[in-house]
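K.L.:
Return a 3D structure for these sequence lines:
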Amino acid sequence: MHSNLFPFCTRLRALGIRVTILSTGLLLERDAPRIVRTADDVIVSLDGPPEVHDRIRCVPGVFDRLMGGVRTVHGLQPEFPVSGRSVVQRENYHCLRATARTAQQIGLRSISFLAADVASPAFNHLDGWRPEQQVRVSLNWRS
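P.N.:
Numbering: from 1, shown residues only. Below you'll find the predicted structure:
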């Protein structure tokens, strides 16, 4: 997380502006004390149950880090709202119910689902998604 994030959050809250932090969860455990002090809630990315989440994120053990971060936040402030967001794509569409159960098991307040948008230039895809990326992620059954 950017070194100025938490001072910025403090300033926003002083102005009466709600602060939601979106996170992959990788640094949630490390930054939990500052998060509960300077934010109103957190939304973490959850791609599926542990094995699916780790596979999609390409980082072994990343689910455990996410879960540890949620537990640390709740250990500091049990009622602090932590929710999940799941981008539905080819590698996880088949396990949406398991994803919702996983969210509940790790203590997320809620979870939202949105479809992967392979037409968007967002997330460093300024020139569009390469065809092989679109096939890997897209739910377009004609691919």
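
K.L.:
Break down the protein into its strands, ranges please.
P.N.:
20-23, 41-45, 82-88, 111-115 (DSSP state E).

K.L.:
In TSV: those strands, plus mean neighbour count, mean pLDDT and distance to residue 32.
P.N.:
Any C-beta I mention is one placed from the backbone N, CA and C, and that applies to glycine too. TSV is the format used below for the strands of the chain (neighbours: other Cβ atoms under 10 Å; pLDDT from 0 to 100; distance: least, Cβ to Cβ, whole Å):
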stretch	mean neighbour count	mean pLDDT	distance to residue 32
strand 20-23	15	96	11
strand 41-45	20	98	9
strand 82-88	20	96	10
strand 111-115	13	93	20
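
K.L.:
I'd like the ones you listed as TSV, with distance to residue 31 appended.
P.N.:
Converted to TSV, those look like this (distance: least, Cβ to Cβ, whole Å):
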stretch	distance to residue 31
strand 20-23	8
strand 41-45	10
strand 82-88	13
strand 111-115	21
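
K.L.:
quick one: the most centrally placed residue in the chain from residue 73, how far?
P.N.:
Nearest to the mean C-alpha position of the chain, by Cα atoms, centre = their mean, lies residue 45 at 1.5 Å. According to Cβ to Cβ, to the nearest Å, residue 45 and residue 73 sit 15 Å apart.

K.L.:
Equivalent analysis for residue 27, please.
P.N.:
12 Å.

K.L.:
Neighbour count: these two, which is higher?
P.N.:
Of the pair residue 27 and residue 73, residue 73 is the one with more neighbours under other Cβ atoms under 10 Å, namely 24 against 13.

K.L.:
Would you mind measuring from the nearest residue to that one once chain neighbours are set aside to residue 71?
P.N.:
Nearest non-adjacent residue to residue 73, counting by Cβ to Cβ, 6 or more residues apart in numbering: residue 32, 4.7 Å away. Going from residue 32 to residue 71 by Cβ to Cβ gives 9 Å.

K.L.:
Which one's more surrounded, those two?
P.N.:
residue 32 (22 against 16).
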